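In: Here's my sequence, what's the structure:
(one chain, ligands or ions: 1)
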Amino acid sequence: MSPHVSKLAQLIGASTVVSMRRRADALASAGVKIIDFGVGEPDFDVPEPIKEAAIKAIRDNQSHYVDPRGLPELRELIAHHETRQHSRLVNPNQIVVTPGTLGALSLVTRAVLNQGDEVLVIEPRWGPYRSLVTLTGATPVGVPMRTQAGRFEVDAERLAASVTKRTKAIILNTPWNPTGRVLSLTELTAVAELAKHHDLWIIADEVYSNMVFVGAEHISIASLGDDIAERTVITTSLSKSFAMTGWRLGYCVAPPELATVLGRINHYSTRCASSIAQHAAVTALSDGALFVNEMCQEYQRRRDVITVGLNQIAGVVCPIPEGTFYAFPQIPEDWGDSEEVANYLLEESGVIVTPGSAYGADSCNHLRLSFATSMAAIEDGLIRLQNALPMHQNKG
Ligand code: PLP
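Out: Residues are numbered from 1 along each chain as shown. Reported below is the predicted structural model:
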């Protein structure tokens with residue numbers, strides 16, 4: 001028998017999205033045609049020039065370790081990109097290139113948290129935030145947001161009431177998975193003021209910053225002032241914007257002193273992000289804007305179709321997503337817990353949706369549907385959902 005794994009590792013559970021997918025795979029191998037609204041990654045191919053840049057990097061033997069903070073030319077480009085996108089001056093010495101946003105979050109949590117610290121996590125939240133905090137020995141404190149007609153909003157009073165002497169940081173995500181919200185200036189200002197007042201770090205996950213639909217505007221919390229930027233770390237990647245999820249290429253934007261520490265931790269954890277992916281990222285950030293815009297327009301078309309279709313199901317209330325590629329409809333309480341509904345939909349109609357309970361207890365009457373799937377799959381999936389729901393009627 002092997003020795004025990006660490007106490008912290010024992011606290012980490014399995015991902016709901018992954019386990020739904022495994023069950024769906026079993027059904028698919030038994031001949032069921034699956035519609036996957038669970039997957040959280042673009043269904044687009046990586047643009048050819050980015051692939052060519054990676055192939056060229058391999059041919060040119062760019063296959064060695066690089067600076068743990070990232071290739072200098074890539075950090076320059078990222079700094080330029082962040083400065084332009086968020087109208088605030090970002091310098092290359094603030095950038096650390098990482099294996100994806102997850103790599104960035106893993107560095108940041110280890111760099112700023114001590115055992116016993118508490119971290120406020122706005123809920124509903126993307127699954128890994130809690131585990132990332134737990135693995136440092138700190139405690140994640142879920143703070144549910146308020147809802148109005150199924151739409152989640154930052155609840156500044158609830159956040160303030162959750163601060164204790166141990167609170168060290170707050171994690172926020174805008175555009176916000178799973179809610180599809182893009183946080184407003186008022187909401188961000190409330191978080192920023194709270195962080196300033198209690199001397200907290202702000203960990204701002206902006207991985208969907210390019211997936212914003214007409215009428216909404218992504219605001220980076222760090223752009224609210226120097227006194228906010230000096231306590232903020234942005235984590236993001238090329239995963240969603242350039243459909244490069246498997247390439248594992250992300251970065252942090254941090255105050256320079258913290259960036260130095262992040263670079264050191266990167267050195268001792270992964271050594272550096274893939275050199276080939278970094279060379280490809282130079283091309284993505286130099287020439288990829290058109291691709292990002294086209295992809296975003298297509299998501300918007302799909303969003304319109306899925307939102308209308310979901311709202312046609314009696315009892316379902318689906319606020320219009322302002323960004324990301326997720327719809328997060330509310331379902332009636334008498335349908336049962338979202339996990340029960342998600343299981344029923346998979347078994348009865350071969351549709352994968354993610355139960356809202358995976359994102360926090362207060363969203364157990366919600367389902368998350370990713371529209372990073374083809375229009376044909378969305379239309380087929382909607383017909384199946386409209387036939388299968390409301391589930392209690394069909395059961396009766
Ligand atoms: N942050 C959020 C909110 C996400 O939804 C995801 C992926 O689903 C990630 C981070 C992970 O991104 P990456 O592929 O850059 O690690």
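
In: near the ligand, which residues of the stretch 51-200 of the chain?
Out: Residues of the stretch 51-200 of the chain lying near the ligand by Cβ under 6 Å from any ligand atom: Gly100, Thr101, Leu102, Trp126, Asn173, Asn177. C-beta: built from backbone N, CA, C; applies to glycine.

In: Tell me, please, where in the protein the pLDDT is lower than the cut-off.
Out: Residues of the chain meeting the criterion pLDDT under 70: 391-396.

In: show me where it has strands.
Out: Taking DSSP state E to define them, one finds strands in the chain at 35-36, 95-98, 118-123, 139-144, 146-148, 151-153, 167-173, 201-205, 232-237, 250-253, 326-327, 351-352, 354-355, 367-370.

In: Switch those strands over to TSV; also include distance to Val18 and mean neighbour count.
Out: Shown next, in TSV, are the strands of the chain (distance: least, Cβ to Cβ, whole Å; neighbours: other Cβ atoms under 10 Å):
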stretch	distance to Val18	mean neighbour count
strand 35-36	13	23
strand 95-98	22	30
strand 118-123	20	24
strand 139-144	20	18
strand 146-148	27	13
strand 151-153	24	19
strand 167-173	20	23
strand 201-205	20	25
strand 232-237	19	26
strand 250-253	20	28
strand 326-327	17	26
strand 351-352	11	24
strand 354-355	11	26
strand 367-370	14	28
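
In: ok, back up a step: in a markdown table, list the residues of the stretch 51-200 of the chain next to the ligand along with distance to Gly70.
Out: Below are these laid out as a markdown table (distance: Cβ to Cβ, whole Å):
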| residue | distance to Gly70 |
| --- | --- |
| Gly100 | 13 |
| Thr101 | 14 |
| Leu102 | 16 |
| Trp126 | 24 |
| Asn173 | 23 |
| Asn177 | 25 |
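
In: Just the C-alphas of stretch 57-69, formatted as PDB.
Out: Taking C-alpha atoms only, stretch 57-69 is exported to PDB below (Å, rounded to 0.1, in the frame of the first residue of the first chain):
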ATOM      1  CA  ALA A  57       9.700  27.700 -33.900                       C
ATOM      2  CA  ILE A  58      10.100  24.000 -33.900                       C
ATOM      3  CA  ARG A  59      12.000  24.000 -37.200                       C
ATOM      4  CA  ASP A  60      14.200  26.900 -35.900                       C
ATOM      5  CA  ASN A  61      15.000  24.800 -32.800                       C
ATOM      6  CA  GLN A  62      13.500  27.200 -30.400                       C
ATOM      7  CA  SER A  63      13.100  24.300 -28.100                       C
ATOM      8  CA  HIS A  64      15.200  25.400 -25.100                       C
ATOM      9  CA  TYR A  65      14.200  26.700 -21.700                       C
ATOM     10  CA  VAL A  66      13.500  30.400 -21.800                       C
ATOM     11  CA  ASP A  67      13.400  33.100 -19.100                       C
ATOM     12  CA  PRO A  68      11.000  31.900 -16.400                       C
ATOM     13  CA  ARG A  69       9.100  35.200 -16.800                       C
END
